[in-house]
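Undergrad: Next one to model:
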Amino acid sequence: MSIPKMSVNNPVLANLLMIIIIAFGVYAWINLPRELTPEIALQTATVTTLYPGASPEEVEKLVTAPIEDAIEENVNKINLLLSNSSEGRSIITVDFEEMGDREFDKELENLRTAVEQVNELPEEILEDPQVLELDVSSGFPMLTVVVGGDISESQMRDIAENLKDEILDIKNIAAVRIAGLREREIWVEVNPDRLKAYQLPIAGVITALGASNLNLPAGTMELGNTEFMVRTMGEFVSPDTIGETIIAVQPTGTPLRLSDVATVSDTYEEARTLSRTNGKPSISLSVQKKSEGNTIALVAQLRELVEKRKSDLPEDAELTAVNDYSVILKERLGILETNAIFGLALVVLMLLLFIGWRNAVFAALGIPVAFMATFWFMSIAGYSLSGVSLFGLILVVGIVVDDAIVVIENIYRHTEAGESPKVAAIRGAQEVGWPVLAASLTTICAFGPLMFMSGTAGQFMRVVPIMAILVLIASLFEVFVILPAHVSEWGRTKIKTGRSRLEGVRTRSRDAFTIGVRITGFFAWFATFFDFIRNRYVRILKTTIRHRYAFVGSVLWIGIFACVGAFFILDKELFPGEDFPQFFVQAEMPPSYGIQETSEIVTQIEAAAKTLPSTEVAAIVSNIGIHTYNAGIVQGVTYGSNFGEVIVELTPKQERTRGVDEIIAALRKETATISGIEELNFVTQEGGPPQGRDVEVKVKGPRFNQLTALADVLKEELHQMDGVYDIQDDFRIGKSELRIYLKPEKAHQYGLTTFQIAQTVRTAIEGAKATTYREADEAIDVVVKYEEDTLQNLVELNNLLIATPTGAIVPLKDVAEIIEEKGYSDIRRFDGERAITVYASVDRGKTTPFKATQALMTAFADIESLYPGYQLDFRGVFDEIIESFSELWKLFIVGLLLIYVVLGAQFKSFIQPIIIMFAVPFGMIGAMVGLLISNATLSMVAMFGIVALSGIVVNDSIVLIDFINKYRENGHNKWYAILKGGSVRLRPIILTSLTTIIGLIPMAIGLGGKSPIWMPMAYTIIFGLALATTMTLFVMPALYAITTDLRGLVLKNPEARFEIVSDDDLLGAAVPADD
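TA: Numbers count the residues shown, from 1 in each chain. Coordinates of the predicted model:
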C-alpha cells in the first residue's frame, strides 16, 4: 500500500499525526532558548605562566619561546599560535583547526603534555604553566546590574554581594562577574625610617605576621577522666589587635611591636581599574546564563528582582539594569518573526489568487505542520531559536508549499477528468511522487554540503541549512501522509476555471454579501486572465523553439558576461555590517599616565557622550585602566593605567532617528578637541560571528625597530585610502623603567638571587600578602607595604633594606645598581615570530574591508624582497573571506554533483539532468545582478544564498521535463510534448516560484524591519529564482528540443522538420525546426 493510499484510507490517523506534531511543536516553540546567534565552539586554549619581576624581554626569551617551541614540535593541527609576553606574565594562545570534540580533547591533552615537558623554565616562576581551554559558550552577559549612587563603598559592596547570591539562586544562571568591587584588605604600612632604625627588613615583618597568625592543634591530653584537645591559639581576633603583634626583640630584651614601625588600617585593595555608570562610581554585576536558559525569560526575572530590591535599598542608593541583551534579541528576532508573518501572509494570498481559497488552505497548512515538526526536533536536539535558525525557516517559508502546490494541482487535474476525490487524491499524489521527492532532494542536496562549512563563519551559518533541511523533510511528510487525506475528505469534486468558474460566481453572487461577491469575482477574473497569459506564453514559446539555437546561444553569452562582470564589480566582505545598539570609545593616553590622570580624560569623553540626545542614549558605562572589548576572538582584555573606555548603550533602533554610524560621527566631532589622548578609536560590534577588525595585517620579523618602521609605512598607506579610519597598531612602548641589575659578585657573597631582591622591592612598592585575617565567613588579606609617601626618589630606593639568607641586612645599593631605561609594554609573537598588528576600520559607504586589504596587498607586494626576513601576514577578515569563498565554491560543486545524481536516478538519463541543471547558472546570474541592483555586497551570507539557490531553481525544471517525458511516452511528438508540458505546468511553475519569492520579499525590503545581515541572502534568491524561472519556461524547452535534434542526428533517424500541433489548447500552429 502506498503512503498516499494509506493516508486517504485512514484520515483519522493523518489528522491525529498532524495534531500531535502541532501540539508538541507549539510546546517546543514556547520553551526553546532564544539567542541572537548560535553557540560557537572555539577550539582554542591558552597557556599562562607567571614570572614575577621579569621584564617582557626576559619573559619572551626564558618562558614564551621555549614553550612555543615545545608546542610546535608536539602538537598537531594548529591554526594560529599567538603569544603576549608582558611584565611577569606569558600568555600563549593556541587556536586549533576545526575538528571533532574527541580529536580536540586529544590535541588538548597533547598540549598539556608538551607544556609539562618543558624543563628549562626559570626556577622563579610562581607555579607550573596553566593550560586552559578558552570557553566562550556562555557568550555575552545578558544583563548588567549596576549598584551606585551617593553611598559609601562598603554599602555598595554589601548590596552587590547580596544581590549576586540572589541572582545565582535563579535557575539557569551560569555566572555573575563583578566589576568595580574592591576586596577588603588590612594594610600594614611600615615606615622605612623606623625599619632602618631597628635594622629590620620588610621581609622580617611579613615573616613575623605569618608566624603569629596561627591556630595550631597540639594533640590530645587526658586530665583525670576527661580527654582534651590541645590547641595553640594565635590568630588575630580583630584588626585592632594586629598592631600588638611582636615582630622582633631588641638587644635590650624589649619586644618590638608592629605598631612601633607601622600603621594598621582596615581598608580596600588599591584600585587597578575604575568603573562608572552615567558618570558615577559603581559596581557592576554582569550576568551570564547556561546554554539551556531562555534569555528573554531570565532577563524578565532579573528585572523583577531588581525592582523588588530597590525598595530595600538605603537612601541615595541606586540599582540600574543596563546592557540588556534581551532588548537586542527581541528586536532582532522580532524583525525576523514579523518578516516571516508578512511572508506567510503574502504566500497565502498568492495561493488564493492562483488556486482558490480551499486549495490555498490545504497548501498553506503544510507550513505550520512543517515548522512545528522542526521546532519539536530542535527541542529534542538541543538547538536554540536564534536569529540564524529563524532565518533558515524564513528562507523556506515559500518553498514548503511548493510540493503541496504540485500535488494539489495534479490531484485536481484528475478530478477535472471525472475521478472521485479519493481516487484523484491517491493517483494525483502517486503520479507526481517521484518528481516531488526529486525536487525536495535536489534542494536538500544543495543545502546539505553547507552543513560541513568549517571555521567560525561556518559554525555560525550551518544552522541555516540544518533548519531548511528539517523543514523540507517535514514538508514531504505532510504532503504524502496528511495532505491526501485532507483533499479527499474536504476537496471539491471538480475545479472550475475560466468561463465556467465565472458563471458559477455569478450564480452564487446573488445570495452573497457585496464584499464576498467582489472578492470571489476577482478570483474568477484572475483565473480568466491567467488563461490569457497561458495562451500568450504558448505563442512566445513556439517562437523561441523555432529559433532555439540562436535563442539559447544568445542567452548563454549574455548571462555569462553579466555574471562574470557582476562578480568582479561587487564588493566582497565576510558579513554585512549591522546597526548594533552599542559602541565603544577606546582611549589610550601616554604611557606615563596613571589611573587618576586617565580618569580625568575619560570624564571628558563621558561629558561629550552626554551631549547626545537622551532619545538615543540608554546608558553610559566607563572603565578606567582597561579595554574590555578587542576585535577578534582570542585577544581578550587589555590592562594599563593609561587605558580608558566609554561604552555607549543606545536605545532600540525604532526609538531613534540616527544609525550607529551617524551617532559615532557626531561624537567623534565632540571628542576631537580633548587633549592628552594619543589614540582614540570608536569600535562597533558587527553582525555575524566574532571576527577581527575590518583591516588587519601583521608585520613579522626579528627586530622591533624595523617592525615599527614597516608598521608606520602601512599606517601611512591606510591614511591615504578614502573611507579608512581608526588606524592603529598593537605595539606599545612601556613606561619609563627603573631597572635593577644585580652586582653578581656582591649578590653571590650575600647569597641573594634576582627573585629574592625583586620580591623585596615589589613588597616595598606594591605590597605583599603576609597572612589572612578571618572575620566570620570572610577571608581578608593582610598586606604589608611601605607608607604611601615613601620611596619618592632613587636615594630612598637605593637604601631599601634587603634581608640575606644569613640574617644580615644590606641596603639595595650594595648588591644592585639602578638604571633608568625604556622598555616594551609587551611583546607579541605570531606563529613563533615577533609581530606588530596594524588595524583599521572602514566606512562601508566608501569602501569595504576586502577592497582596502586588496589595495594594501598590491602596494606591498614586494615587501619580502625589499626587507629580507620581514613579511606581511593578512590572516584576519581578508583571509577568512578568501578561505570561506574558496570552501563555498567547493561545497557548491559537491552540491551540484549530488543534484546530478538525484536527477540522473529520477530521469534515467545522463543528458536530461544537464538540461535541468542549466537553471543553476541562470540563477547565479540573477543573484549577481540582484546584488548589484540592491547595492549589496557579495558576502558570506549572499554566497550561501547562491549555493542554496542551486537546489531551488532546478525544481521547476524537474516537473516540466517530467511532464514532457510523460507526453512523449504516451506517443505524442516532441513539439506537442514540449508545448503541452509547458502549458500544463505553467501555473504550478509560476506559483511555486512566486511563493518562494513572495515569502522573502518582506525580508529583502525590510517590511517588518531591516536585518542587514540577512537581506543579501534574500536578494540572491529572489532575483536568482525570478530569472531562473523565466529561463525555465523558455530555455529549458528549447534545450530539450536541441537535445532531441542531436539525438536524432546521432541515431540517423531525425524527426520531421515540419510537424503540425493540432491540440486546441495549444492554438494549433506549425512548429518548424530551426533552419
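Undergrad: Dig out what G149 forms beta bridges with.
TA: On the basis of DSSP bridges, G149 is bridged to A317.
Undergrad: oh sorry, the question was meant for F682
TA: Beta-bridge partners of F682, as defined by DSSP bridges: V585.
Undergrad: okay, L16: pLDDT?
TA: Confidence at L16, expressed as pLDDT, is 93.
Undergrad: how far does the helix or strand hosting I727 sit from the chain's center?
TA: Element membership of I727, judged by DSSP states H and E, is strand 724-729. Mean-position distance between strand 724-729 and its chain equals 23 Å (C-alpha atoms, centre = their mean, to the nearest Å).
Undergrad: Buried ones in the next helix-or-strand element following it, by neighbour count?
TA: On the C-terminal side of strand 724-729, the closest following helix or strand by DSSP H and E is strand 733-742. Judged by neighbour count using 16 or more other C-beta atoms under 10 Å, the buried positions of strand 733-742 are G734, K735, I740, L742. All C-beta spots, glycine's among them, are computed from the backbone N, C-alpha and C.
Undergrad: Pull the CA coordinates from whichever helix or strand comes after strand 733-742 and hand them back as CSV.
TA: Going down the chain from strand 733-742, the next helix or strand is helix 744-750, by DSSP H and E. Extracted as CSV, the C-alpha positions of helix 744-750 are listed here (Å, rounded to 0.1, in the frame of the first residue of the first chain):
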residue,chain,number,x,y,z
PRO,A,744,76.9,39.4,40.6
GLU,A,745,79.9,39.2,43.0
LYS,A,746,78.1,41.1,45.8
ALA,A,747,74.9,39.2,45.4
HIS,A,748,76.7,35.9,45.4
GLN,A,749,78.6,36.9,48.5
TYR,A,750,75.4,37.5,50.4
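Undergrad: Quick check: buried residues in helix 744-750?
TA: For helix 744-750, the neighbour count (16+ other C-beta under 10 Å) marks A747, Y750 as buried.
Undergrad: Give the rounded mean pLDDT of the longest strand seen in the chain.
TA: For the chain, the longest strand by residue count, based on DSSP state E, is strand 638-650. For strand 638-650, the mean pLDDT works out to 84.
Undergrad: ok, and for it, which residues are buried?
TA: Within strand 638-650, the residues that qualify as buried are T638, G640, S641, N642, F643, G644, E645, V646, I647, V648, E649, L650, counting by 16+ other C-beta under 10 Å.
Undergrad: distance between it and the chain's centre?
TA: Its chain's average C-alpha position is 22 Å from that of strand 638-650, according to C-alpha atoms, centre = their mean.
Undergrad: next structured bit after it?
TA: helix 660-671.
Undergrad: tell me which strands and helices that next one is in contact with?
TA: Packed against helix 660-671 by the contact rule (3 or more C-beta pairs under 8 Å, 6 or more residues apart in numbering; DSSP states H and E) you find strand 582-588, helix 595-609, strand 638-650, strand 679-684.
Undergrad: please redo it, this time with the cut-off set to 6 Å
TA: For helix 660-671, the elements it packs on are helix 595-609, judged by 3 or more C-beta pairs under 6 Å, 6 or more residues apart in numbering; DSSP states H and E.
Undergrad: for the helix or strand following the helix it packs on, what is the average pLDDT?
TA: Using DSSP H and E, the helix or strand that follows helix 595-609 towards the C-terminus is strand 617-627. Computed over strand 617-627, the mean pLDDT rounds to 85.
Undergrad: orientation of strand 617-627 relative to strand 638-650 in degrees?
TA: Inter-element angle recorded for strand 617-627 and strand 638-650: 170 degrees (by axes from the mean of the first three to the mean of the last three C-alpha atoms, to 10 degrees).
Undergrad: Need the contact partners of strand 617-627.
TA: Contact partners of strand 617-627, identified using C-beta atoms under 6 Å, 6 or more residues apart in numbering, comprise 272-278, 322, 586, 595, 598-599, 602, 606, 609, 637-639, 641, 643-649, 651.
Undergrad: Tell me which strands that strand pairs with, and in which orientation.
TA: strand 274-277 (antiparallel), strand 638-650 (antiparallel).
Undergrad: Put the alpha carbons of the shortest one into PDB.
TA: Read it as strand 274-277. Only the C-alpha atoms of strand 274-277 are listed here, as PDB (Å, rounded to 0.1, in the frame of the first residue of the first chain):
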ATOM      1  CA  LEU A 274      37.700  52.100  38.000                       C
ATOM      2  CA  SER A 275      34.100  51.700  36.900                       C
ATOM      3  CA  ARG A 276      31.500  54.400  36.400                       C
ATOM      4  CA  THR A 277      27.900  54.300  35.200                       C
END
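Undergrad: hmm, back to that, ok, which pair from the buried residues of strand 733-742 is furthest apart?
TA: Greatest spatial distance in these: K735 and L742, 22.0 Å, computed using C-beta to C-beta.
Undergrad: returning to that earlier point: dump the strands paired with strand 617-627 into a markdown table; add distance to M156 as well.
TA: Formatted as a markdown table, those follow (distance: least, C-beta to C-beta, whole Å):
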| stretch | distance to M156 |
| --- | --- |
| strand 274-277 | 11 |
| strand 638-650 | 20 |
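Undergrad: Any idea which of those gets closest to S389?
TA: Of all these, it is strand 638-650 that lies closest to S389, at 26.0 Å by C-beta to C-beta.
Undergrad: and G418, that's in a strand?
TA: No: assigned with DSSP: H, G, I helix; E, B strand; the rest coil, G418 falls outside any strand and is coil.
Undergrad: How far off centre is stretch 194-205?
TA: Distance of stretch 194-205 from the chain centroid (C-alpha atoms, centre = their mean) equals 57 Å.
Undergrad: What mean pLDDT does it get?
TA: Mean pLDDT, computed over stretch 194-205, is 86.
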